[in-house]
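Participant: For reference, the sequence and a predicted model appear below.
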Amino acid sequence: MILLVSLLITASSLKADILGPLITETADPIGKHNLALQFSSFLFIKAGDYNDQGEKKVLPDGDRNHKLTAIFKPVYGLLNTMDLFAEIPYQANFARQGSASAQDGGLADIFLGAKYRFWEGKEASWQPSLTGIIKAKFPTGKYEHLSPEKLETDKTGNGSYEYYLSAIVSKIWRDWCFHFNLGYNWTTEVSVDGVQTKHGNIWFYNLAAEWSFGKNWDLIAELNGWQQEKTRENGQPVDYTDARTLAFILALGWKIHDNTFALAGFSFPLSGKNTEFGLTPGLLLTINF
């Protein structure tokens, strides 16, 4: 789902053998009093939709639907075991339906959060690293009074305050590194064009395996998925709003220099229900100072 171009500026170097993953969170904080400034851009190129039975329905010929999200993410190491961070996104949308086309964008929903490592795994033992993340989303994006003339490309948020809690497990073993994320997202009720709306809560999960081969190369594979409950309007569940998706990412990492690396890959949709799908290339560039 993601085209990712990221620049990371930090006071400490990364572990030489860990270059990824693209999406899955890793357990290691950046270190006490270190600072990271990250810029990411995400491009989603929609190919179609999954229906309620999980069948694919592709977009009509000539129709287009793209979403580009650029995120500024400062990270500060408050402790050796704890990071504080913010995610400040800007979203641009483009749509074409028949002979009509439109584009618009603006500030999307902002996140504030913290990452804490409960224990650090040792490479020589079986014990992995275990970390927790908690973050809150603030509805700073536009979500109501959307313009039909703009094909609703002016939508950049959903209006709901949301709270995320997730656990991260990471384990290094010889030339391999494994990461697993499991989390839950709570949403709050919001009035959307006069309708009291509660978007469904979400379970999400990520699994990544990274293999270091040669001196400067990594191969990364990821599974990314989520499952959402039904939206409720004025207290009543809305049909065909419970959704799920699963995607596979394959990426190649290259350590260009001791403090510079790049990753490139593709995201492939595997399955879904009542949600969009598309094929997405990805690129990640990281520089450490």
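Facilitator: Good, I have the coordinates.

Participant: CA atoms for contacts and neighbours, from now on please.
Facilitator: Fine.

Participant: So what's the gap between stretch 76-88 and the chain middle?
Facilitator: Here stretch 76-88 shows a centroid-to-chain-centroid distance of 18 Å under the convention Cα atoms, centre = their mean, to the nearest Å.

Participant: Numbering from 854 from now on, please.
Facilitator: Done: numbering now begins at 854, and the last item shifts to stretch 929-941.

Participant: end-to-end on that stretch?
Facilitator: Using Cα to Cα, to the nearest Å, one end of stretch 929-941 lies 15 Å from the other.

Participant: What residues of it count as buried?
Facilitator: Of the residues in stretch 929-941, those scored as buried under the neighbour-count criterion (16 or more other Cα atoms under 10 Å) are 929-932, 934-941.

Participant: cool, stretch 1068-1078 as well?
Facilitator: Neighbour-count burial for stretch 1068-1078, with 16+ other Cα under 10 Å as criterion, is recorded at 1069-1078.

Participant: rewinding a little: tell me the one of the buried residues of stretch 929-941 nearest residue 974?
Facilitator: Nearest to residue 974 out of the buried residues of stretch 929-941 is residue 934 (Cα to Cα; 12.5 Å).

Participant: which secondary structure element contains the closest residue to the closest one other than its chain neighbours?
Facilitator: In space, not counting the residues next to it along the chain, residue 934 is nearest to residue 970; the distance is 5.1 Å by Cα to Cα, 6 or more residues apart in numbering. Under the assignment given by DSSP states H and E, the secondary-structure element containing residue 970 is strand 963-972.

Participant: and that strand, which strands flank it?
Facilitator: Next to strand 963-972 in the sheet, as set by DSSP bridges, lie strand 935-950 (antiparallel), strand 982-991 (antiparallel).

Participant: low pLDDT regions in the stretch 1004-1142 of the chain?
Facilitator: For the stretch 1004-1142 of the chain, the stretches flagged by pLDDT under 70 are 1112, 1140-1142.

Participant: what ranges do the strands span in it?
Facilitator: Assignment of strands within the stretch 1004-1142 of the chain using DSSP state E, counting those that start in this stretch yields the ranges 1015-1026, 1029-1040, 1043-1045, 1048-1051, 1055-1066, 1070-1081, 1085-1086, 1089-1090, 1096-1110, 1113-1126, 1129-1130, 1133-1140.

Participant: Tell me which of the ones you listed lies nearest to residue 912.
Facilitator: Between residue 912 and the strands of the stretch 1004-1142 of the chain, the tightest spacing by Cα to Cα is seen for strand 1129-1130, at 10.2 Å.

Participant: And the contacts of that closest one?
Facilitator: When contacts are defined by Cα atoms under 8 Å, 6 or more residues apart in numbering, strand 1129-1130 is touched by residues 854, 899-903, 1122.

Participant: do that again at 7 Å, thanks
Facilitator: Counting contacts by Cα atoms under 7 Å, 6 or more residues apart in numbering, the residues outside strand 1129-1130 that touch it are 899-903, 1122.

Participant: Restricted to buried residues, select these in ChimeraX.
Facilitator: Only the buried entries of the contacts of strand 1129-1130 go into this ChimeraX selection, using 16+ other Cα under 10 Å:
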select :899,900,901,902,903,1122
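
Participant: Can you give me the neighbour number for residue 1009?
Facilitator: Applying other Cα atoms under 10 Å, we find 26 residues neighbouring residue 1009.

Participant: of the buried residues of stretch 929-941, closest to residue 980?
Facilitator: Nearest to residue 980, judged by Cα to Cα, of those is residue 934 at 16.7 Å.

Participant: residues contacting the closest one?
Facilitator: If you count contacts by Cα under 7 Å, 6+ apart, residue 934 has them with 882, 884, 969-970.

Participant: Throw those into TSV and include distance to residue 892, pLDDT and neighbour count, thanks.
Facilitator: Below are the contacts of residue 934 laid out as TSV (distance: Cα to Cα, whole Å; pLDDT from 0 to 100; neighbours: other Cα atoms under 10 Å):
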residue	distance to residue 892	pLDDT	neighbour count
882	18	90	21
884	19	88	18
969	22	98	22
970	24	96	21
